[in-house]
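Chemist: need coordinates for the below:
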Amino acid sequence: FIWSALGSPRSEIRWRADHSVRRLSEFGCKPEIDLLINWMNKDSVESFGSHNFPFYNFHSRLYLLIAFARISLDNPLILRQYSDIFKNHALGPFHHVIIQKFAADIALNIEKDFAGTFNPEILIKLNDINVSKLPPTKARYGEKFQSPWHERNEVDQTLNFLHGYDFDRYWRSEEHTSELQSLR
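Modeler: Take a look at the predicted model:
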């Protein structure tokens, strides 16, 4: 049921399921954590789903990994035996940057408490998840860059798209600033 709720199209239900997973860890419910890992490996919802609605498997996997990332900070022992599963989600052929990031975080948190779980080559790869190999570039507002797509004339250069426009217009306005302050 929790696995199914983690894949709900409603974010409120996903977050409730996420908190349920954290509670399972806090209460030491290892068999239930083990079952959730098994569901993640199954990649299905079976009888906990509905034939009338799609099952959002990526949601389930992502939100379970979000819960596990938090759990790995407080209680990495409950997840330690699954370190290879987290490593494989971070480094494997399944490329979803957010899932990879949380899986790598879990693996690195396990390594932090249980040194030697991963060899040095794997640790380097885990630390490099979602880290750009390109050097940083400083740019000024309005500055234009020629990408390979520009050079091959694959970009419609008649479009007047300014990436920072929304930030100037909405994020820096006095009205928006007062809205943010009223929320605090």
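
Chemist: tell me the spacing between P135 and K112.
Modeler: Relative to K112, P135 is positioned 29 Å away (C-beta to C-beta, to the nearest Å). To be clear about C-beta, it is placed using only N, CA and C from the backbone, and glycine gets the same treatment.

Chemist: for these two, work out which one has more neighbours and name it.
Modeler: K112 (12 against 5; other C-beta atoms under 10 Å).

Chemist: list the residues that contact the more buried one.
Modeler: P76 (C-beta atoms under 8 Å, 6 or more residues apart in numbering).

Chemist: output the below-cut-off pLDDT ranges for the protein.
Modeler: 44-45, 47-55, 161-184 (pLDDT under 70).

Chemist: residues touching the most far-flung residue of it relative to its centre, list them.
Modeler: Largest separation from the mean C-alpha position in the chain: T158, at 35.5 Å (C-alpha atoms, centre = their mean). The contact partners of T158, by C-beta under 8 Å, 6+ apart, come to none.

Chemist: now do it against A139, distance only.
Modeler: In terms of C-beta to C-beta, T158 sits 22 Å off from A139.

Chemist: how about D156?
Modeler: To A139, D156 is 21 Å away according to C-beta to C-beta.

Chemist: who has more neighbours, those two?
Modeler: Neighbour count, other C-beta under 10 Å: between D156 and A139, A139 has more, with 11 against 7.

Chemist: using the three-state scheme, assign the nearest residue to the more buried one once chain neighbours are set aside.
Modeler: Counting by C-beta to C-beta, 6 or more residues apart in numbering, F145 is the residue found nearest to A139 once chain neighbours are left out, at 7.4 Å. At F145 the chain is in coil, as set by DSSP: H, G, I helix; E, B strand; the rest coil.

Chemist: neighbours around F145, how many?
Modeler: Around F145 there are 7 residues (other C-beta under 10 Å).

Chemist: that one touches K138, doesn't it?
Modeler: No. Applying C-beta atoms under 8 Å as the test, F145 and K138 come out as separate, 11.7 Å apart.
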